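Undergrad: I would like to see how this sequence folds:
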Amino acid sequence: MRSNILNKSITKTETKKLAETETLHTGSHTQVSIVVTEDRFSGVLQAIENLGQFSFQDEHVFLKPNFNSADPTPGSTHTDVLKALVKHIKENGANKITVGDRSGMGNTQKTMEELNTYSLAEELGFEVLVFDDLPAEEWEYVLPQDSSWKKGFAIPKILRRVDSIVQTCCLKTHKYGGHFTISLKNSVGFAAKKVPGDRHDYMRELHTSRHQRRMIAEINTAYIPDLIILDAVSAFTTGGPAKGKLVAPNVIIAGTDRIAIDAIGVAILRMHGTTKKVSKGLIFEQAQIARAVELGLGISSPDEIKLITGDETSSEFSKKLRQSLKS
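TA: Purely as a prediction, here's the structure:
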């Protein structure tokens, strides 16, 4: 399932992490934790606990939020989600945490300032990395096979040096061509808009291409997440990514498979009534998800998702979610 991740040398640490991740994949299934809650902090911790053990012992962990803009959640990652993840990662042995991103709607440093990321870093003890500030030698070019990118894209080299990557995403539609932005689309923040000395505007190429949704999936070939948290306590069912029609699914979701996370996210959007483009056809026929399946980034059907819950309310929600996944 993961053999098609491209352009990445697997180190001993990564081999260990892949082995740990595969414990959440039984046969052709992947486990996804569902917690119905309005409390993001406790919900994140409970969702991870439902999945079992995650060890970050003596590791440098990279934490990728959704800091596309400074708009309130689901426009950006909620502070309580970030706090819960930092707490979990530290308590499970990490010796260093780096939080980094590239904003798509404005200046990344200003976005982080407005979201109080720097003060939170001092309070909780993590480092902050603004991808826009990286020199040319800190970027690596990636060209997936049969790519829709003209000459590939670039990602920060720090993704090769860290021991684990944790991603947290929001739930929302995307009015600029992505159709929806969950875990696969959140990975666009890893890709450079421009690399110093390289005049090509990669984000302009992405957002003007008719293959945009395929290109989004292709960015995900560049790395393997060790843990993904989807904050669906609130969501945008139209508009997005900064503002939209707000609903409250009141769910926190945890897993390791980006395709499963996105499929569940789309299913929740459909449960609340969403755009025609997100509602059309089978969920696994959505272009981002279909291309991710082609690339071997995870599961290939809703039948491969095993929903894990720890209480009756979450269990009842999961039954409705299962129906939506197959619709």
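Undergrad: strands of the protein, start to end?
TA: 25-26, 29-36, 60-64, 96-101, 127-130, 139-142, 153-156, 164-174, 179-181, 227-239, 244-247, 251-255, 305-308 (DSSP state E).
Undergrad: any chance of these in a markdown table, plus mean pLDDT?
TA: As requested, the strands of the chain are exported to a markdown table (pLDDT from 0 to 100):
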| stretch | mean pLDDT |
| --- | --- |
| strand 25-26 | 52 |
| strand 29-36 | 97 |
| strand 60-64 | 98 |
| strand 96-101 | 98 |
| strand 127-130 | 98 |
| strand 139-142 | 98 |
| strand 153-156 | 98 |
| strand 164-174 | 98 |
| strand 179-181 | 98 |
| strand 227-239 | 98 |
| strand 244-247 | 98 |
| strand 251-255 | 98 |
| strand 305-308 | 98 |
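Undergrad: so which of the ones you listed gets nearest residue 111?
TA: Residue 111 sits nearest to strand 96-101 of all these, at 8.1 Å, using C-beta to C-beta. Backbone N, C-alpha and C define where each C-beta goes, glycine included.
Undergrad: relative to strand 60-64, how tilted is the closest one?
TA: Angle, strand 96-101 to strand 60-64, by axes from the mean of the first three to the mean of the last three C-alpha atoms, to 10 degrees: 20 degrees.
Undergrad: now for strand 96-101, which elements pack on it?
TA: In terms of contacts (3 or more C-beta pairs under 8 Å, 6 or more residues apart in numbering; DSSP states H and E), strand 96-101 is packed against strand 60-64, helix 79-91, strand 127-130.
Undergrad: for residue 297, which of those is the nearest?
TA: strand 60-64 (15.8 Å).
Undergrad: what does that closest one contact?
TA: The contact list for strand 60-64 (C-beta atoms under 8 Å, 6 or more residues apart in numbering) reads 82, 85-86, 89, 94-101, 126, 158-159, 161-168, 186-187, 189-190.
Undergrad: where does the chain dip in pLDDT?
TA: 1-27 (pLDDT under 70).
Undergrad: the helices in it, which residues?
TA: Per DSSP state H, the chain carries helices over the ranges 12-22, 40-51, 79-91, 108-114, 117-124, 158-161, 183-186, 202-208, 212-219, 258-271, 276-279, 287-294, 312-326.
Undergrad: the third one vs helix 40-51, what angle?
TA: When you say that, I think you mean helix 79-91. Using the same axes, to 10 degrees: helix 79-91 against helix 40-51 is 40 degrees.
Undergrad: packing partners of helix 79-91?
TA: helix 40-51, strand 60-64, strand 96-101, helix 117-124, strand 164-174, strand 227-239.
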